[in-house]
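Quick check, what structure comes out for this input:
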Amino acid sequence: MPGMTTSTRQVVQTVWAFLPLASTGYLAPLVFMYAAIRIRSISLYLATGLYTAVAVIEFVTASAPVGTYQHTVWVLCLIVAAIVAAGHAAAIREQVFDFPETGDDRWKKGNKNAVKLARRHRQMRTRARAIADRDPDLARELGIGRPDLIRSYDDGGLIDINHAPAEAISRIPGLPAEHLKRIMDVRDMVGAFSSAEDLAITADLPAELTALLKEYTTYLPR
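Numbering: from 1, shown residues only. Coordinates of the predicted model:
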């Protein structure tokens, strides 16, 4: 079972938790004995004893005529052994079937976390860029676009082209070294840029770089 895929484990968990209901309560003791053995839980051993007693009483009173005290007891036992036990099993099923992750599980989880982190960084860059556009002085105080400085504000990897050193600008994903040198040379000549479009035109950069620069850069005035 440790080699199961995530989807297979979910099916096993669901079927296991459904057994008390499907068996009208008679399999509840076996379901919880299995859980108690796997988790080694005293409380689950006690639950196994309780559901066993209820299932036995349910069996004994099953043929009682409707309207009698014994029939009422049977109904209550049926509810406990089938419905309550199934809900209890559903609540602990992931704990009971806590199998080691497979390589495929780790790969999927890693990719999911990477996508989540990339989206979070994109949102952070958008917020930091808005601060830089609205309040340049605040942006400078926060160190927005300056990964070379000691700072506490996380801008998601935004780079201030007009002030950051070459090493910081080189962190822009997909920026070729020759274009980095071109940016630094032109910045030394013109002093500053006003936007990604201005940078691309002034430094004579390929048009396809404009979208990349708009995503990762900001342009605080000097």
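
just the strands in this protein please.
Secondary structure of the chain (DSSP state E): strands at 159-160, 217-218.

With mean neighbour count and distance to E208 as new columns, can the ones you listed be given to me in a markdown table?
C-beta here means a position set from N, CA and C on the backbone, and glycine is covered the same way. What follows is the strands of the chain, written out as a markdown table (neighbours: other CB atoms under 10 Å; distance: least, CB to CB, whole Å):
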| stretch | mean neighbour count | distance to E208 |
| --- | --- | --- |
| strand 159-160 | 24 | 18 |
| strand 217-218 | 26 | 15 |
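
okay, those strands in TSV with mean pLDDT next?
As requested, these are exported to TSV (pLDDT from 0 to 100):
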stretch	mean pLDDT
strand 159-160	98
strand 217-218	97
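
between those strands, which gets nearest to S41?
strand 159-160 (53.4 Å; CB to CB).

about what we covered before: just so I know, which of the strands of the chain lies nearest D133?
Across the strands of the chain, closest to D133 is strand 217-218 (CB to CB), at 7.8 Å.

show me where the protein has helices.
With DSSP state H, the ranges of helices along the chain come out as 6-22, 28-39, 42-61, 69-78, 85-96, 103-134, 136-142, 166-169, 177-190, 196-202, 209-216.

now the most centrally placed residue in the chain: how far from H71?
Relative to the mean C-alpha position of the chain, the nearest C-alpha, by CA atoms, centre = their mean, is the one of N113, at 5.9 Å. From N113 across to H71, the span is 55 Å (CB to CB, to the nearest Å).

same thing with T24?
T24 is 15 Å from H71, where distance means CB to CB.

ok, now which ones touch H121?
Contacts for H121 were tallied using CB atoms under 8 Å, 6 or more residues apart in numbering; they are 156-157.
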